[in-house]
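**Student:** requesting a structural model of the entry that follows:
(6 chains)
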Amino acid sequence: SIFRELQAKIDHETSLRDELSSRVETIDQESKVLRLLLGEFEISNNETSIDITKSIEVIKVKIQELAKVASEHSYYKYVNVWDRAIQEVACLTLLAAWRGALQGHEDKKYQLLTLEQVGQILNATLVPVYPEEVKFHISIEEYLHGVLSISTELARLSVNAVIYGNKEVPLKSLQTIENVHSSFQLLSLKNDSLRRHFDGLKYQLKRAEDVVYDMRI
Amino acid sequence: SIFRELQAKIDHETSLRDELSSRVETIDQESKVLRLLLGEFEISNNETSIDITKSIEVIKVKIQELAKVASEHSYYKYVNVWDRAIQEVACLTLLAAWRGALQGHEDKKYQLLTLEQVGQILNATLVPVYPEEVKFHISIEEYLHGVLSISTELARLSVNAVIYGNKEVPLKSLQTIENVHSSFQLLSLKNDSLRRHFDGLKYQLKRAEDVVYDMRI
Amino acid sequence: SIFRELQAKIDHETSLRDELSSRVETIDQESKVLRLLLGEFEISNNETSIDITKSIEVIKVKIQELAKVASEHSYYKYVNVWDRAIQEVACLTLLAAWRGALQGHEDKKYQLLTLEQVGQILNATLVPVYPEEVKFHISIEEYLHGVLSISTELARLSVNAVIYGNKEVPLKSLQTIENVHSSFQLLSLKNDSLRRHFDGLKYQLKRAEDVVYDMRI
Amino acid sequence: SIFRELQAKIDHETSLRDELSSRVETIDQESKVLRLLLGEFEISNNETSIDITKSIEVIKVKIQELAKVASEHSYYKYVNVWDRAIQEVACLTLLAAWRGALQGHEDKKYQLLTLEQVGQILNATLVPVYPEEVKFHISIEEYLHGVLSISTELARLSVNAVIYGNKEVPLKSLQTIENVHSSFQLLSLKNDSLRRHFDGLKYQLKRAEDVVYDMRI
Amino acid sequence: EVEFQQFQRVLQEQQDKRERIIRISREITIQSKRMIFLLHQASSTKFPLPLEFDKTKQHKQNIQKQLGLLKQELDTPDAERYAASCSPGIQEFVEAYAFEYWLQHQSLIQPNDAKFQIDLQSFDYVLGVCDMTGEIMRFLITHGSKFAMVDVLSHVQFLRELNLECTKLRNLNRRSQNDLKQKLGVMDNSISKVESICYSKIL
Amino acid sequence: EVEFQQFQRVLQEQQDKRERIIRISREITIQSKRMIFLLHQASSTKFPLPLEFDKTKQHKQNIQKQLGLLKQELDTPDAERYAASCSPGIQEFVEAYAFEYWLQHQSLIQPNDAKFQIDLQSFDYVLGVCDMTGEIMRFLITHGSKFAMVDVLSHVQFLRELNLECTKLRNLNRRSQNDLKQKLGVMDNSISKVESICYSKIL
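**Tutor:** Model prediction:
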């Protein structure tokens, strides 16, 4: 019957979704490790830098595996399975580079990687950057969410830096957040998740400004 | 019949809940006294230290009595009867030690006791510390609520310390609150009471910072 | 550290709760099928009886699986995940037997199964019946919610029975609902979900009375 | 100090209140027994009549004991400890007499006892009836609450009576409830608990009317 | 930055396309609703509806024209990105066509029926069919008194079986599950209403 | 029935009496509030208030007159029945007298102080005294800048000790417990406010 056919189709999609989800979960787990490592980086600079680079390498392999499965199917049908994980990875990659904690990319300290650079770091060959291609890729939206998330991290970082007597980080953080803020104003965002995420940026900007202001007194 | 069984069950549970509640209430009452004594400690340091230690002793006995009744029943069925009271006791114990007002624990001044230490002070044998035990215990969450509450107390303490010309307490308070804040930020909390409590911490941090800032001028 | 312990605890509880929830969902889905099959039973009596028995068998297996996971943890911590599903299953089992649609229990037609009988049908060995056991079980409250829910079903059944010219079902329904009503009235319920559910029973009683009344004219 | 004196006074009052409460609780327990017996009276008329009379006798003794303690103190200071219990006893006594279940008062079948009669049955010598006396007594309010509660009982009784083919009870119930309703309209009630209780009476009246109406068809 | 200008261009294009698709979906919805209205009108005098019934021809043509436009828009590799934007219209269209089919045959149109003239997303078909039961309920409530009891009962049976089949669907993703749950709740209600008609028909 | 007519008479009498008592209570409240107003006014120029201060004499006489009426009403065996109805007035009266006493002596008036001239229900005394701390807070906020730091601190200390004593009370019945809890919450707030004054005085 028609309902049996429907069920078969649904079952197929669900099992695929499950497989993708379980791959995404391993990425999430490694992301948590990476986030902790980046937290420790404040205190014990260079020592953790190797671990951070390794962790990103692990994530890169896992994304490749995910991409392999995902690329056999319609990208946009399943994108919601992995988009949050990719946003987090994008954020952490940006953060690692900004902090100068990414080996081979130390020159990017206090800078934000572009979408293309993030794509290259995570997988130069398999991850095309622009959305017209329907193979697995890091989308503009995912990258932009990552950029907004890193601003939150930087604002927090400023506060902690002050405790450890670091005056450079607050200033650089403020610069970066200001850049992000003005770049985003170029975009005409719809009333979607990106817009809501962007709405929170002004608080981060204010926070970073306050820290720099307090520091100057 | 099943209806008589149900009635018996309802009656039993109601009377048990009432008994637990009334025990919890006596703990709450003593907690309020302890809170005020800790407030007095500012002014008349060592004199109230005896009263504080005595008050904690009273609470300890009352918790033992509560634990005795509670341990005969399913922990998770009734935990909501006492969890707020235990959070408050944890907070006050932490505060007493932080202030150096706890006899025998003067070396913990300006430090936060660990969960184990709080457990030992309140009752080494009857109050197991780890959460998978289903007997009465101080849970991680209760302890951490206590840790968050103490930050509120410390922020207020800073203000009073300044009045009495104490410059050490505001600095130490700020350090402690900053530590608590950065530790909590690593967590991915669910949207529960701990998350909401933590959300208020930013404000305490700001208050403590303001006092130190005011002092420096 | 305590924060890592908390994170581990939160992660553990969340994944456990998710697993239980997804098991409960499969029970809910099968319950919906069973409910519709019991509706069909009006029309095509014996033919659907096999499907009904099979459906209960499926539910029984799923409950066993749920029970296996649940029994490893504190009953009262997670009971709210599955209690509504079990109430529904209890209701449907009662309804199946009342209708004489449960193979091997045809003698229970127009009768309400006891809690013990429901427990036996759903799984004699794995589902203990009495509430002080902290393993997975059908609680008195869950059973009685089922009993109250079946009254709603019976009131609706009366209407349909009349359509198909059946005069016995409305009378038997009314008797059953009256029995349930008078048994509940003896109880002094607390102001909880059972009380609220019972408050709706008056309306079902009225509905069932109206049908019998209409029939007599 | 003044606060110590205050505390002594409070402690004295609390222990008295506790003693009164525990006596009231034994009355409540016996009331529950009596209520169950009155429920069974429907089915097995005369046999339970002895038990009912005995149960009222037990309550009478317990009230005497309560009265003895209470009479040594200001009646109105503690009346809220026992008023709900006495309302229930009043209701049950009225109900027992109305049903003809009270030995020695069979002539009161289908009638409501007056406050004086209730007072005499529960204790002729120790319980004065009117409120100007400040010894322990059944107050007008308690009696009136009992009268309103019995109306609810009678409305329920009507429904059940019909099932057992009893046509007298519904008619007599309706008469009694109508009498109560018109008597209460003599009173100018304030916006208090008695008024709220009375507001529910119209539903009971409607219910009793419906039963009689349905019976006539 | 230069990259952000590129972003702006891409995001703007996507936005424009999405808006065009939503407009098409709305137009399909409007035409489908009008078609359902005409079907109720026609079936009030003639039931079953004759196979040659053609008063909805104009609307069908309009719908097919819009479906053509939609097909063009979706002829890109990222078509799935806009699936959610056109679903409401597609569902309404299924509802209208399935209702007409039922009025003519008293049975369920298949998703690959030639009348549809497009390849349906399976789930839009299910949800559209669920919506159709509401129209059948309305039809039965209005005209139930004209039919023999046995006929009304067979229509109720049709609804019940459809309900059972939809309820049996498993493994849906959360969003589809919630959509379906909501529609099935409405369907339960529709069936109850038809049962009430039967009940009062009997008395 | 005849019995119900009797009930009506008794209930009506009680009702009337209750209303008279509520009226008296309200009158005492009004007079006490006026007295507090005058005390704030007077203490703004002279603190401590001289023992011979007599501008509140008129109000005190009014209050005593009302207390006399109240005593008459309550001279029946069922006086306790109306305790709740006159409590608000009594508490306000305690608040006013205790505030005057504090302005004069900077210490706590005792419940058996001759000034009260009536036998106080112990709990009305406690609640009235709690309310008084709010007046002291207001006094300190308005005039705190005139005092030496050490003096303000000693007044805070007075409030703290009163707070501790009230907090230590045990075994209250539920209703009194709730009343006290609410007042102590207000008292905590008052103390915090005075602490803030000290803080800004220091900076």
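
**Student:** number of nearby residues for residue A:189?
**Tutor:** Using other C-beta atoms under 10 Å in any protein chain shown, residue A:189 has 18 neighbouring residues. For every residue, glycine as well, the C-beta is placed using N, CA and C.

**Student:** whoops, I mixed them up, residue A:212
**Tutor:** Residue A:212: 17 neighbours (other C-beta under 10 Å).

**Student:** now the one 4 residues further on
**Tutor:** The number of residues packed near residue A:216 is 8, by other C-beta under 10 Å.

**Student:** residues in contact with it?
**Tutor:** For residue A:216, the contact set (C-beta atoms under 8 Å, 6 or more residues apart in numbering or on different chains) is empty.

**Student:** show me what counts as buried in the helix or strand residue A:60 falls within.
**Tutor:** Per DSSP states H and E: residue A:60 is located in helix A:45-70. By 16 or more other C-beta atoms under 10 Å in any protein chain shown, the buried positions in helix A:45-70 come out as A:48-49, A:51-53, A:55-56, A:59-60, A:62-63, A:66-67, A:70.

**Student:** in JSON lines: those, plus distance to chain C and pLDDT.
**Tutor:** Shown next, in JSON lines, are the buried residues of helix A:45-70 (distance: C-beta to the nearest C-beta, whole Å; pLDDT from 0 to 100):
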{"residue": "A:48", "distance to chain C": "17", "pLDDT": "80"}
{"residue": "A:49", "distance to chain C": "22", "pLDDT": "84"}
{"residue": "A:51", "distance to chain C": "17", "pLDDT": "88"}
{"residue": "A:52", "distance to chain C": "19", "pLDDT": "91"}
{"residue": "A:53", "distance to chain C": "23", "pLDDT": "90"}
{"residue": "A:55", "distance to chain C": "17", "pLDDT": "93"}
{"residue": "A:56", "distance to chain C": "22", "pLDDT": "93"}
{"residue": "A:59", "distance to chain C": "19", "pLDDT": "94"}
{"residue": "A:60", "distance to chain C": "24", "pLDDT": "92"}
{"residue": "A:62", "distance to chain C": "19", "pLDDT": "93"}
{"residue": "A:63", "distance to chain C": "22", "pLDDT": "91"}
{"residue": "A:66", "distance to chain C": "20", "pLDDT": "90"}
{"residue": "A:67", "distance to chain C": "26", "pLDDT": "86"}
{"residue": "A:70", "distance to chain C": "23", "pLDDT": "84"}
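
**Student:** and chain B, which of those residues reach it?
**Tutor:** With C-beta under 8 Å from any C-beta of the partner chain as the criterion, the buried residues of helix A:45-70 include none near chain B.

**Student:** from those residues, pick the one nearest chain F.
**Tutor:** Chain F has its nearest neighbour among these in residue A:48, at 42.5 Å by C-beta to the nearest C-beta.

**Student:** now the closest one: how far from residue A:26?
**Tutor:** Counting by C-beta to C-beta, to the nearest Å, the gap from residue A:48 to residue A:26 is 22 Å.

**Student:** so who does residue E:71 touch?
**Tutor:** Counting by C-beta under 8 Å, 6+ apart, the residues that residue E:71 touches are residue E:118.

**Student:** if you set the cut-off to 10 Å instead, what comes out?
**Tutor:** Applying C-beta atoms under 10 Å, 6 or more residues apart in numbering or on different chains, we find residue E:71 in contact with E:24, E:79, E:118, E:119.

**Student:** filter those to the buried ones?
**Tutor:** If we count by 16+ other C-beta under 10 Å, the contacts of residue E:71 have these buried: E:24, E:79.

**Student:** quick one: low-confidence ranges for chain E?
**Tutor:** E:1 (pLDDT under 70).

**Student:** element containing the closest residue to residue A:112 other than its chain neighbours?
**Tutor:** Among residues not flanking residue A:112 along the chain, residue A:94 sits closest, at 5.8 Å (C-beta to C-beta, 6 or more residues apart in numbering or on different chains). Here residue A:94 sits within helix A:75-98, counting by DSSP H and E.

**Student:** what about residue E:150, how many residues nearby?
**Tutor:** Residue E:150: 7 surrounding residues under other C-beta under 10 Å.

**Student:** just name whatever secondary elements the helix or strand hosting it is in contact with.
**Tutor:** Element membership for residue E:150 (DSSP H and E) is helix E:149-168. If you count contacts as 3 or more C-beta pairs under 10 Å, 6 or more residues apart in numbering or on different chains; DSSP states H and E, helix E:149-168 packs onto helix A:2-41, helix C:2-41, helix C:140-163, helix E:122-143, helix E:174-202.

**Student:** leaving out sequence neighbours, find the closest residue to the residue nearest the centre of chain E.
**Tutor:** With distances taken as C-alpha atoms, centre = their mean, the residue of chain E nearest its centroid is residue E:95 (2.3 Å). Ranked by C-beta to C-beta, 6+ apart and with sequence neighbours excluded, the top spatial neighbour of residue E:95 is residue E:131, at 4.2 Å.

**Student:** do you know how far the closest residue to residue E:81 other than its chain neighbours is from residue C:164?
**Tutor:** Leaving aside its chain neighbours, residue E:81 sits nearest to residue A:76 (4.1 Å; criterion: C-beta to C-beta, 6+ apart). In this view, residue A:76 and residue C:164 are 50 Å apart by C-beta to C-beta.

**Student:** those two: who's more crowded?
**Tutor:** More neighbours surround residue A:76 than the other of residue A:76 and residue C:164, with 17 against 13 (other C-beta under 10 Å).

**Student:** that one reaches residue E:77, doesn't it?
**Tutor:** Yes: with contact defined as C-beta atoms under 10 Å, residue A:76 counts as touching residue E:77 (8.9 Å).

**Student:** and chain E, which residues reach chain C?
**Tutor:** Contact residues, chain E versus chain C (C-beta under 10 Å from any C-beta of the partner chain): E:149, E:152-153, E:156-157, E:160-161, E:163-172, E:174, E:177, E:181, E:184, E:188, E:191-192, E:195-203.

**Student:** how about 6 Å then?
**Tutor:** Among all residues of chain E, those adjacent to chain C (criterion: C-beta under 6 Å from any C-beta of the partner chain) are E:164, E:167, E:168, E:195, E:198, E:199, E:202, E:203.

**Student:** which of the residues you listed has the most neighbours?
**Tutor:** Going by other C-beta under 10 Å, residue E:167 tops the residues of chain E next to chain C with 22 neighbours.

**Student:** that residue touches residue C:32, doesn't it?
**Tutor:** Yes: if you go by C-beta atoms under 6 Å, residue E:167 and residue C:32 touch, sitting 4.9 Å apart.

**Student:** just name the most buried of the helices and strands packed on helix E:149-168.
**Tutor:** Neighbour counts (mean count of other C-beta atoms under 10 Å in any protein chain shown) averaged over each of the helices and strands packed on helix E:149-168 peak at helix C:140-163, with a mean of 23.

**Student:** give me the next element, helix or strand, following it.
**Tutor:** Counting by DSSP H and E, what follows helix C:140-163 is helix C:168-185.

**Student:** quick check, the very next helix or strand once past that following helix touching chain D?
**Tutor:** Counting by DSSP H and E, the element after helix C:168-185 in chain order, helix or strand, is helix C:193-199. No: contact of helix C:193-199 with chain D (C-beta under 6 Å from any C-beta) is absent, the minimum separation being 13.0 Å.

**Student:** helix or strand right after helix C:193-199?
**Tutor:** helix C:201-216.

**Student:** any idea how far that following helix is from the chain center?
**Tutor:** 22 Å (C-alpha atoms, centre = their mean, to the nearest Å).

**Student:** got the buried residues for that helix?
**Tutor:** For helix C:201-216, the neighbour count (16+ other C-beta under 10 Å) marks C:201, C:204, C:205, C:207, C:208, C:209, C:210, C:211, C:212, C:214 as buried.
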